[in-house]
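# Give me a model of this one.
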Amino acid sequence: FNPLDIKFIRLAHERGLGCGDPSEIEIVGDEEARQQNWHFEGPMKNITFAAKMQHKIYWGGLKDAIEWSLKTWAAPWAYMASVIYHDMYWYPTKGKPRVTEVLRSEWGRLFHNWEKLTPDEKGWEDVGEAPPSLARTGLQLFGIGARILKDCFLQAPEVLERRKRRLAAKKAS
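Residues are numbered from 1 along each chain as shown. Okay, the predicted model is just below:
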């Protein structure tokens, strides 16, 4: 497997937006891990249902239908449903405990403390004690979600159209 065979990794590498060539990446840390074959087979081998649908939406047979639907009254309502589910329900009840668990792990502590730490030839012996904390609580996220929903509702095409008609009727009378 060569990451440069993936079009967008290659294009980003060629434009200097990152390094897509593994031979140019300096590995700091466990030399044994560097030599391991993790049997990575590329992005399409074990693709999830959601990713398959995303490919159909962006590049496949659903592309035209989705582009059309984004110009209808349904677009803001679909976004609102997503805000309600993800921001106001899933993240506060299901996602936050998972994210908190990851942040408390060695990887999470390293992510939080990496700018303050210095690796040695084996990598990071100490990843720091302090795990990062989540800045927003469920109630704060609920409030943010409610404000987003309000804005979505006020910008929905049918609401804007009704507002225009009311203003025109007021001016006419």
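# For the helix or strand His55 falls within, C-alpha coordinates in CSV please.
Assigned by DSSP states H and E, His55 belongs to helix 49-58. Extracted in CSV, the C-alpha atoms of helix 49-58 (Å, rounded to 0.1, in the frame of the first residue of the first chain):
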residue,chain,number,x,y,z
PHE,A,49,-22.3,2.0,5.6
ALA,A,50,-22.2,5.8,6.3
ALA,A,51,-19.1,6.2,4.3
LYS,A,52,-20.6,4.3,1.4
MET,A,53,-23.6,6.5,1.4
GLN,A,54,-21.4,9.6,1.6
HIS,A,55,-19.5,8.4,-1.5
LYS,A,56,-22.9,8.0,-3.3
ILE,A,57,-24.0,11.4,-2.2
TYR,A,58,-20.8,13.3,-3.2
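# and for it, what are the contacting residues?
Residues from elsewhere that reach helix 49-58 (CB atoms under 8 Å, 6 or more residues apart in numbering): Ile47, Leu62, Lys63, Ile66. (Each C-beta comes from the backbone N, C-alpha and C, glycine too.)
# right, and out of those residues, which lies closest to Glu129?
Of all these, Ile47 has the smallest distance to Glu129: 38.6 Å, by CB to CB.
# got a pLDDT number for the most centrally placed residue in the chain?
Centroid check for the chain by CA atoms, centre = their mean gives His86 as the closest residue, at 11.8 Å. pLDDT, His86: 85.
# What's the first helix or strand after the lengthiest helix in the chain?
Ordering each helix of the chain by length in residues (DSSP state H) puts helix 138-155 first. Using DSSP H and E, the next helix or strand after helix 138-155 towards the C-terminus is helix 157-172.
# export that next one as CSV, just CAs?
The C-alpha trace of helix 157-172 is given here as CSV (Å, rounded to 0.1, in the frame of the first residue of the first chain):
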residue,chain,number,x,y,z
PRO,A,157,-37.1,29.5,3.0
GLU,A,158,-40.8,29.2,3.9
VAL,A,159,-40.4,31.3,7.0
LEU,A,160,-38.5,33.9,5.1
GLU,A,161,-41.2,33.9,2.4
ARG,A,162,-44.0,34.3,5.0
ARG,A,163,-42.1,37.2,6.6
LYS,A,164,-41.7,38.9,3.2
ARG,A,165,-45.5,38.4,2.5
ARG,A,166,-46.4,39.9,5.9
LEU,A,167,-44.1,42.9,5.4
ALA,A,168,-45.6,43.5,1.9
ALA,A,169,-49.1,43.2,3.3
LYS,A,170,-48.3,45.8,6.0
LYS,A,171,-46.8,48.2,3.5
ALA,A,172,-49.9,47.8,1.2
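# Sounds good, over and out.
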